[in-house]
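Colleague: I need the structure of the sequence given here:
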Amino acid sequence: MDEHACYQKLRAILHPHGLHCPRCHAPDGFRVHRRRRDPVLDYRYGRCARVFNAFTATPLQGTPRRPAAILLILRGIIQGAPTARLARELACDRKHLLRLRHKIQDRARAGAEAELRRRPLPDRQVEADEVYQNAGEKRRPAPRPGRPAAAARQ
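Modeller: Predicted coordinates:
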């Protein structure tokens with residue numbers, strides 16, 4: 001997998017509205033500060049002097065993994081692959097991968113819950129009778145044992 005293409009894909013996923021300074025949220029005016037982990041670039045914003053990259057303030061902050069490995073991890077999480085299998089395939093530590101997986105899943109869950117709270121219900125009226133569709137059904141009585149229950153201390 002091409003590392004530069006994977007990095008561009010991760011940037012698009014993490015920053016759908018474009019990269020911005022995490023401190024002052026300025027969308028432009030930053031320059032390349034370091035290129036020590038090509039293709040992951042460190043930027044510096046001139047006004048607030050903040051140094052950041054595409055992973056800053058995300059669950060991937062501080063990860064030493066390459067962009068291709070991160071995309072493979074995300075694909076495995078989305079597919080529901082077990083962490084142990086992902087760790088074997090990527091030749092990495094299962095505990096660290098599990099910690100990263102929990103960070104990613106917690107952030108996704110929090111985002112989904114915030115979206116649900118923000119979005120209003122589509123109708124002004126809600127019908128609740130559909131929830132209890134089996135409430136009036138008759139069923140056969142529960143089977144009774146032929147002998148009395150055993151005492152608690154036997």
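
Colleague: burial measure for the spatially closest residue to residue 43 that is not a sequence neighbour, as a count.
Modeller: Spatial nearest neighbour of residue 43, excluding adjacent residues (CB to CB, 6 or more residues apart in numbering): residue 30 at 4.4 Å. Every C-beta, even on glycine, is put in place using the N, C-alpha and C of the backbone. By the other CB atoms under 10 Å criterion, the neighbourhood of residue 30 contains 20 residues.

Colleague: who's in contact with residue 30?
Modeller: 21, 43, 44, 45, 46 (CB atoms under 8 Å, 6 or more residues apart in numbering).

Colleague: now do residue 36
Modeller: residue 42.

Colleague: circling back to that earlier point, same list, the contacts of residue 30, but as a markdown table with secondary structure please.
Modeller: Compiled in a markdown table, those are given as follows (DSSP: H, G, I helix; E, B strand; the rest coil):
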| residue | secondary structure |
| --- | --- |
| 21 | coil |
| 43 | strand |
| 44 | strand |
| 45 | strand |
| 46 | coil |
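
Colleague: which among these count as buried?
Modeller: Among the contacts of residue 30, the ones that count as buried by 16 or more other CB atoms under 10 Å are 21, 43, 45.

Colleague: what residues of the strand or helix carrying residue 111 count as buried?
Modeller: Taking DSSP states H and E as the criterion, residue 111 maps to helix 94-118. Buried residues in helix 94-118, counted by 16+ other CB under 10 Å: 97, 100, 101, 104.

Colleague: that one: how far from the chain's middle?
Modeller: Chain-centre distance of helix 94-118: 4 Å, with CA atoms, centre = their mean, to the nearest Å.

Colleague: same for that helix, what does it pack against?
Modeller: helix 67-79, helix 83-90 (3 or more CB pairs under 8 Å, 6 or more residues apart in numbering; DSSP states H and E).

Colleague: what's the burial count for residue 67?
Modeller: Neighbour tally, residue 67, other CB under 10 Å: 24.
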